[in-house]
Every structure is written in structure tokens, then in C-alpha cells.
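*Asks:* What follows is a predicted structure for the sequence shown.
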Amino acid sequence: MRLLILSCSTGDGHNSAARALLEAARRQNADAEMRDPVAFGGETARRAVAGAYNGMIRRVPALFGAVYRIGDLYDRSRLPSPIYAANALYAEKLGRFVTDGGFDAVISTHLYGMEGMCAARRKGFSSVPSFGVLTDYTLIPFFAEPDLDAVFLPHPDLTEEAVKKGIDRARLIPTGIPVSARFGEEMTREAAREKLGIGEAERLYLVMSGGVGCSNMAKLTSALAWRVGNRDRIAVLTGRNEKLKRDLEKRWADFPGILTVGFTRDVHLWMKAADVTVTKAGGLSSTEAAAAGVPIVHMMTIPGCETKNAAFFSARSMSLCEKRIDEAAAAAVRLAENEEERESMRRAQRENIRPDAADRVIGYVRTHLS
């Protein structure tokens, strides 16, 4: 089986899901390759799309919320979307790449790839099966638009929402969101801390800003710093936001209990090492945290899908959700001090999250093709 996995660098979550599928494909002895679909429209287009999205999320997240609401309203009209039209522009190049590459199926973790493959198949440039992975705990605008052989949902409870949006129930497969198998591995907190070389700490608070590094993490770090004990530590994962990392290091140069970590592939170790994580409600980062079994405080959600992600998690006791920075910091400290509440949250995470989702997706595709 030869698979093409399409993802787009708008944030890092879609790419994380795609990499998890690559790992799962290799575990199942399948040949898989990952590509950014927008790159078929040219490297300039790829950089422009990624740069525009990441800059908006980092500097003006409220604007993303406005765009999301407009998309939701447009979606309800059931008219062909501008998203489809934009991605149809490279349909021929994408379709020929799929055909010439001998791919048996395409799995997209981003809407752009789904739309591009939909256009390629409609225009006769490709005939291979095409699958879509929903990476948020709600149906994003236009997700029901592409013609897909199957849609992989994060949770069975999203089935009715998908049906109402117009997706055939028979094509809805609730596998969970694909995450790297590393997040589900058994590992003690002490072992993770030893691997990271951070030594002993009474408690470790993990502050996550997502792959693009949202700048208001500085205020959250300050709010936490004045509440934690002298033996506690705060690890701030700043993603690719190098300015945020420099600012934090300068601000807290005299406080050895605050660690700043740039973009890293060791997020699973930081989660395993932590007592609590405070994070925005990205679909992937939230799923990874739950798969790792770390209690979560959601905050500073980007309006739209992240607001709904946080609501989905908190409604099922998988996280606490706070809107204000000081309230999130206080909630994190209370949670860290209450082992019974933390264990209750971990139990809810185990009941709702599938760490093996990537293997389930690849397994379904293999069965579909056989």
C-alpha cells in the first residue's frame, strides 16, 4: 500500500497529525509520503498561506474568529466555497503527482488537501480513494463540502453534527485524532524528568502556546510565577516564536524555576513530566495532552474551533476551562495540589481519547483498499 498524506502548515497541529499517520503507516509496513497540497500551486503560495495564518494567530487571534464566523455563515448557504475554488487551481498538478507516484490512496489532515483532491477527482486528474481527518472537536466551515470516501472523526459524539452538515453517515468513522504513539507510551513522571534533565521539582507546570507561539504566554507565566511554591518549576514551550522566548528569558533571568523551551519534538516528554498543563485548546495539542494523561487547564482559546474544543473537553471532565489569565493560573495551582481531581480528569481522558487513532485510520484505509 502506497499512501500520500496531505497536510498544510497553518499552525502545527495538522502536520502533527500527518506525521502520526506516517509513523502508523510504517508500523503497518505501508509506504507513505507527506506533502503540502498548497505547494502544488507554487512555493510562493505555500509560504503566503502559512505566513498569513500563523501571523494572524500570533498577533490578532480575534481576526481569525471573525473569519471563522464568516466561513460558518457561508457554509450554511451550501454554495460552492471560495476555499474549493482556490484549491481547485492546482488540481491537475496534484492529480498527476498522485497518478505518477503510484499512490493507492490519499489521506488529508487539512481541508485544503481534501478540497484539492476533490477537485482533482471531479476534473478526472485522479481516481484514487480520498480520505479526510477532522482535527478539531467540531466540524469546521466547509468540511462537509469535499467528496471523500470516508471521514475520520475525533469522537463518536460528533457523528450527528456531521450528519446535519450533510455528510453520509456510512462514511463517518470515529477513530479519534491521530497522535504520535509516543504520547500514549507508559512512562513515569520521574523517568520523563530524568530524560529531560530537569532534575527534581515539587511540581512542574507546563505552559504551552502552540507551534506558532502566542505572545500572551508572558502574562500567564507571570500569573503562575507569583502563585507557585519555591520548589516548583514552570516550563514554557514557546513554539517557533523566538521573540517570545527571548523576552521571557530576559524577564525571568534571575528565576531558575522558569524554563523556556523553543520548538521541540519532545513535547510528549514535557507532558509526561508535568503535573498540569495550561494550554490553548488546539485539537491536536489537547488530544496529545489527554493521550499523555496530563491534567489540562484550557485558556486563551482562539475564537471558533478552539472555543468549541475547550467546551467539548470540559463538558466531558477532560479539562478545566478558564477565560481569564489569573483564573487559569489559580485553577492550575488548585489542580496540581489535588491528586484526586487530577486522577478523575485522567480517567475521563482515558474514556474519551484513543491514543491508537493513527493506527486505526491506516487500518481502515488498508481494509478499504483490499
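*Replies:* Ah, there it is.
*Asks:* Below-threshold pLDDT in the stretch 251-370 of the chain: ranges please.
*Replies:* Scanning the stretch 251-370 of the chain for pLDDT under 70 picks out 300-303.
*Asks:* Enumerate the helices of it by residue range, in sequence order.
*Replies:* Taking DSSP state H, counting those that start in this stretch to define them, one finds helices in the stretch 251-370 of the chain at 267-273, 283-292, 305-315, 325-336, 339-352, 357-369.
*Asks:* orientation of the third one relative to helix 339-352 in degrees?
*Replies:* Orientation of helix 305-315 against helix 339-352 (axes from the mean of the first three to the mean of the last three CA atoms, to 10 degrees) gives an angle of 110 degrees.
*Asks:* in helix 305-315, what counts as buried?
*Replies:* Of the residues in helix 305-315, those buried under the neighbour-count criterion (16 or more other CB atoms under 10 Å) are 305-314. Bear in mind the C-beta positions are built from the backbone N, C-alpha and C, glycine included.
*Asks:* looking at the helices of the stretch 251-370 of the chain, which is closest to Val163?
*Replies:* Of all these, it is helix 305-315 that lies closest to Val163, at 17.2 Å by CB to CB.
*Asks:* Can you name every helix or strand that the closest one contacts?
*Replies:* Helix 305-315 sits against helix 283-292, strand 296-298, strand 320-321, with contacts defined as 3 or more CB pairs under 8 Å, 6 or more residues apart in numbering; DSSP states H and E.
*Asks:* what's the closest of the buried residues of helix 305-315 to Leu94?
*Replies:* Nearest to Leu94 among the buried residues of helix 305-315 is Cys305, at 25.1 Å by CB to CB.
*Asks:* State the three-state secondary structure for the nearest residue to the closest one once chain neighbours are set aside.
*Replies:* Spatial nearest neighbour of Cys305, excluding adjacent residues (CB to CB, 6 or more residues apart in numbering): Asp136 at 4.2 Å. Here Asp136 is coil, with the state taken from DSSP: H, G, I helix; E, B strand; the rest coil.
*Asks:* and Asp136, how many neighbours?
*Replies:* Look at Asp136: counted by other CB atoms under 10 Å, it has 23 neighbours.
*Asks:* residue contacts, it?
*Replies:* 154, 283, 305-306, 308-309 (CB atoms under 8 Å, 6 or more residues apart in numbering).
*Asks:* again, 10 Å this time
*Replies:* For Asp136, the contacting residues are 13, 143, 154, 158, 177, 281-284, 286-287, 304-306, 308-309, 312, by CB atoms under 10 Å, 6 or more residues apart in numbering.
*Asks:* What is the neighbour count of Arg193?
*Replies:* Residues near Arg193, counting by other CB under 10 Å: 20.
*Asks:* no, scratch that, I was asking about Pro37
*Replies:* Pro37 has 28 nearby residues by other CB under 10 Å.
*Asks:* In contact with it, which residues?
*Replies:* 4, 6-8, 46, 87, 90-91, 93-94, 97, 106, 108, 110-117, 120.
*Asks:* From those residues, which land in strands?
*Replies:* 4, 6, 106, 108 (DSSP state E).
*Asks:* Surely the third one is in contact with Ser7?
*Replies:* No: using CB atoms under 10 Å, Val106 is not in contact with Ser7; the gap is 11.4 Å.
*Asks:* Between the two, which has more neighbouring residues?
*Replies:* The neighbour comparison of Val106 against Ser7 (other CB under 10 Å) goes to Val106, with 30 against 27.
*Asks:* Distance of the more buried one relative to Ser130?
*Replies:* 5 Å (CB to CB, to the nearest Å).
*Asks:* intersection of neighbour lists for those two?
*Replies:* Contacts common to Val106 and Ser130, judged by CB under 10 Å, 6+ apart, are 4, 6, 98, 113-114, 116-117, 120-121, 148-149.
*Asks:* so what's Ile362 closest to, chain neighbours aside?
*Replies:* Per CB to CB, 6+ apart, closest to Ile362 is Ala24, 4.5 Å.
*Asks:* A helix includes the one you found, no?
*Replies:* Yes: the assignment for Ala24 by three-state DSSP puts it in a helix.
*Asks:* Tell me how far it lies from Ile107.
*Replies:* Taking CB to CB, one finds Ala24 at 10 Å from Ile107.
*Asks:* now stretch 309-320, how far from the centre of its chain.
*Replies:* Centroid separation for stretch 309-320 versus its chain: 15 Å, with CA atoms, centre = their mean, to the nearest Å.
*Asks:* Kindly report the same for stretch 349-369.
*Replies:* Mean-position distance between stretch 349-369 and its chain equals 16 Å (CA atoms, centre = their mean).
*Asks:* Use 829 as the first number from now on
*Replies:* Right, with 829 as the first residue, what we last looked at is stretch 1177-1197.
*Asks:* Next, the buried residues of that stretch.
*Replies:* Per 16+ other CB under 10 Å, stretch 1177-1197 contains these buried residues: 1177, 1180-1190, 1192-1194.
*Asks:* Can you get me a residue count around the residue nearest to Ile1190?
*Replies:* By other CB under 10 Å, the residues close to Ala852 number 22.
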